[in-house]
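# Here is a sequence together with a model predicted from it:
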Amino acid sequence: MRNVRVTIFFLVLVAAVFLGLAGRCFYLQKFKSKFYIDKSFVQQQSLSSFSPQRGTIYDRRGTILAASNTVLVIKAEPRIIENPEEVSTKLAEVLDMEAGEIYELITKNKKSGYVRIKEDAEADECDRVMGRETESEEAEEPAKDEIIAKKKRKRIHRGIAVESGRRRHYPLGRLVASIVGFTSRDEKQGLEGIEFKYNKELSGSSASSIFLADAGRRPIRLKQRKGVLTDGNGLILTIDSAIQEFTRSALMERYKSYEAESALAVVADPQTGEILAMVSLPDYDPAEAHSVDPNDRRNTALSDEFEPGSIMKPIAMAIGLEAVAVSKNDTIFCENGSYSGKGFGRIGEYRNGFGNLPLRMILVKSSNIGMAKVGQKLGRKRLHDGLEQFGFGKRVGIELSGEADGFLRPVGEWTGYSETRIPFGQEITVTALQLVQAFCVIANGGRLVHPHLVLAMLDNEGNVIEVRRPVPPVGYIIRPDVANWVKDAMVGVVNEGTGKRARLEKWQVFGKTGTANIALKDGKGYSTDDYIASFVAGAPAEEPAVIVLVSIRKPNKRLGKGYTGGVVASPVAAKIIEKTMNYLERQGG
């Protein structure tokens, strides 16, 4: 009887074990099958990825602005490193890195594929990691104990490998950083500037191969190939790096000497809208972009909108002449410096008041009251519509992200203040690019052109595959005689008026100063200490080849050196024009 009980016990035990095994098998088959299939794939397969070379960015004369260089990368496969602490210690001795830093890279990526331990590694470092003889060792006559040491040297770990990678290089550094931008560390994504806007075209397409692998994860045979490896396209920009250098040097000197908050300058071809230079200060080194204050990476020429001040006067005058609200020979009484009335408050002049002034002298003397009366003669709708035609209140559509719209109220929201203040640059905000576009109209005889940065696209062999033609001019938005009259008045500003510091011996410059009070943060009035000093200019007046805008925000008034557009900004524009015109003359146009 006892034997029967023992037998039954063992049978029940065996049955329970088999039931447990069956349950476990069911659980693994039903609920964990995908996990173990994936794990077996990881063990049986090896993935090799092939990254395309990112396209090169050039300036208009072939100077490289951004390119990808080949570098050696030491990487780790965390999933097969059993003792990351030991491996990290060994790597640290070779790579001049902290063991803790390496350990963190390996352990925090346990579920991913390869992780980069060191980019741009030295060849000797790679050889030592892989257990190979280094170049320096090959050149020397080894001692006996060194020969024994070399024979004993082994690869640090089978989960550590070396591959060729690429690093984005910006040869001109800060000079074009605000235009070109930068990429992620692995180059796969443009993060700012042209790199961001044209990321798809510059990136190309990657490919990968999946191999069956042995226990040491060495490839045995190809299992699957995905994608077609295609290097990225290149771009040719309208920027001329020589003109960019002239512009940045002149602007930097003024920016520092006046302890300004920020400064910008744009140089454009008024006939085509091509941007030849665009500088925004402060700037940054793209090699250190990931650690730079984001405020220093802003391209203020397109992101900042501001009240332009008197620099707006030639535009409002052109609209008045085009609409025949005023005539070229008209004279306007400027109220001896104080003008007030119902619905528009009181308007004064910057310094001295004026009596009767011909239209031309209203621009030369920069009379606020004269321009306010031009605005009243135009009326709200015609002034509003004219500003829209010049491109204010909307983006110019340049090939960079972050462009602001500016602010132009719908005409239904205008008051008597609007039609009298906007003609001298208040109650409207603009961007530097909008101003450049507007003054290109004055310079080229009345045609609206569109500022742009890209000339052409190249295939991965350097052949031009697409010429990026700008949007064709929409025709004349003001008559040529109106444009030429305004341009001549702007010659008077430089020769007789507030822009005298921009005069050049060799080239006849035309321009307009602007000194705009910065509005208080609470929106109630304007600061008496903070200004934006601006100057827009072009040359030569007979046949303009360049338009230059310089705008310096918050020059330090306490320095006692001045703060107006004529004092602070116009000499910078003159330097840029002189160097640019001499350079273009040497280049043959």
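The structure has been received and is ready for your questions. Given the structure is predicted, the values throughout are model-derived calculations rather than measurements.
# drop to CA atoms for contacts and neighbour counts, all remaining ones
OK.
# residues near the nearest residue to E245 once chain neighbours are set aside, how many?
What sits nearest to E245 in space, not counting adjacent residues and going by Cα to Cα, 6 or more residues apart in numbering, is L175, at 6.8 Å. A count of neighbours around L175, defined by other Cα atoms under 10 Å, yields 25.
# what does the one 4 residues further on give?
Burial of I179, expressed as a neighbour count using other Cα under 10 Å, amounts to 24.
# in a strand, that's where the residue nearest to E245 is, yeah?
No. Assignment of L175 by DSSP: H, G, I helix; E, B strand; the rest coil gives helix, placing it outside any strand.
# Please identify the helix or strand for I106.
Secondary-structure element containing I106, defined by DSSP states H and E: helix 99-107.
# typo on my end, it should be A277
Secondary-structure element containing A277, defined by DSSP H and E: strand 275-281.
# That strand pairs with which strands, and in what direction?
strand 262-268 (antiparallel) (DSSP bridges).
# quick one: low-confidence parts of the stretch 401-550 of the chain?
Residues of the stretch 401-550 of the chain meeting the criterion pLDDT under 70: 470-474.
# try 80
468-475, 521-524 (pLDDT under 80).
# Can you name the residues that contact N352?
Contacts for N352 (Cα atoms under 8 Å, 6 or more residues apart in numbering) come out as G337.
# List the buried residues in the helix holding I106.
99, 102-103, 105-106 (16 or more other Cα atoms under 10 Å).
# what's the closest of those to G370?
Distances from those to G370 were compared by Cα to Cα; the smallest belongs to L105, at 68.2 Å.
# Can you name the residues that contact that closest one?
Applying Cα under 8 Å, 6+ apart, we find L105 in contact with 115, 117.
# rerun that using 6 Å as the cut-off
When contacts are counted by Cα atoms under 6 Å, 6 or more residues apart in numbering, L105 touches no other residue.
# Pull the number of nearby residues for V568.
Per other Cα under 10 Å, the neighbour tally for V568 reads 27.
# How about it: what's its closest non-neighbour residue?
Take V568 and drop its neighbours on the chain: the residue closest to it by Cα to Cα, 6+ apart is A533, 6.4 Å away.
# ok, and what's touching the helix or strand that contains the one you found?
Using DSSP H and E, A533 sits within strand 526-539. Surrounding strand 526-539, the residues in contact under the criterion Cα under 6 Å, 6+ apart are 509-520, 546-554, 564-565, 569-570.
# do stretch 542-556 as well
Residues from elsewhere that reach stretch 542-556, judged by Cα under 6 Å, 6+ apart: 258-269, 530-539, 563, 569.
# Need the per-residue pLDDT for the closest residue to A177 other than its chain neighbours.
In space, and not counting its chain neighbours, A177 is closest to P286: 6.0 Å by Cα to Cα, 6+ apart. Looking at P286, its pLDDT reads 93.
# Offset the numbering so it begins at 55, please.
Noted, 55 is the first residue going forward, which turns the last one into P340.
# Dihedrals phi and psi, P340?
The phi and psi torsions at P340 (degrees, to the nearest 10) take the values phi -60, psi -20.
# was I right about G620 contacting G553?
Yes. With the criterion set as Cα atoms under 6 Å, G620 and G553 qualify as a contacting pair; they are 5.2 Å apart.
# Which of the two has more residues huddled nearby?
More neighbours sit around G553 than around the other of G620 and G553, counting by other Cα under 10 Å; the figures are 31 against 23.
# Look up phi and psi at that one.
G553 adopts backbone torsions of phi -110, psi 20, taken as degrees, to the nearest 10.
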